[in-house]
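Q: next comes the sequence, and after it the predicted model I'd like to discuss.
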Amino acid sequence: MFIHMKWLILSGLELMTWAPCANAQQTDTAQVLVHYKFLHVRDTTNRANPYTENMVLFVGKTASVYRSYDKQLQDALFKKQMQDQVANSAGSPIKFNRRFAGTPTEYFQ
């Protein structure tokens with residue numbers, strides 16, 4: 001019991017010291033949407049087949065994000081398929097086949 005109380009008190013003190021330092025980010029609405037076709041030669045011995053990916057840049061008044069449009073579409077498709085399978089499962093086991101597409105890295109400015 002004493003160890004749990006000590007842990008709880010230390011955790012509370014730690015939260016109180018970090019709380020004033022935390023700054024909430026303001027949400028921003030995209031004002032401009034730009035689509036890119038990203039091409040990169042990963043294998044210089046096979047220049048005829050470069051890596052390609054569709055990218056998108058969302059530009060707002062105070063923030064912007066550059067991310068994979070292919071990944072965004074694949075994530076939306078997976079979410080819809082998952083919701084459909086759950087709705088139609090009627091209590092039976094569900095199998096999800098997740099296909100990963102696109103770069104998971106996002107750049108925020």
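A: Good, I have the coordinates.

Q: confirm residue 75 sits in a helix?
A: Yes. Counting by DSSP: H, G, I helix; E, B strand; the rest coil, residue 75 is found in a helix.

Q: how deep is it tucked in, by neighbour count?
A: For residue 75, the tally of surrounding residues (other CB atoms under 10 Å) stands at 16. Where C-beta positions appear, they are placed from N, C-alpha and C, glycine not excepted.

Q: how about it, what does it touch?
A: Contacts for residue 75 (CB atoms under 8 Å, 6 or more residues apart in numbering) come out as none.

Q: which residues touch residue 94?
A: Listed by CB under 8 Å, 6+ apart, the contact set of residue 94 reads 85-86.

Q: assign it to helix, strand or coil.
A: coil.

Q: quick check, pLDDT for it.
A: We have a pLDDT of 72 for residue 94.

Q: from residue 77, how far off is it?
A: Note on residue 94: its distance to residue 77, by CB to CB, to the nearest Å, is 16 Å.

Q: low-confidence ranges in the chain?
A: 1-25 (pLDDT under 70).

Q: would you list every one of the strands in the protein?
A: 32-40, 51-59, 64-68, 107-108 (DSSP state E).

Q: and these as JSON lines, adding distance to residue 88?
A: Shown next, in JSON lines, are the strands of the chain (distance: least, CB to CB, whole Å):
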{"stretch": "strand 32-40", "distance to residue 88": "34"}
{"stretch": "strand 51-59", "distance to residue 88": "31"}
{"stretch": "strand 64-68", "distance to residue 88": "29"}
{"stretch": "strand 107-108", "distance to residue 88": "37"}
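
Q: just name the most buried of these.
A: Between these, strand 64-68 has the highest mean count of neighbours, a mean of 17, where neighbours are mean count of other CB atoms under 10 Å.
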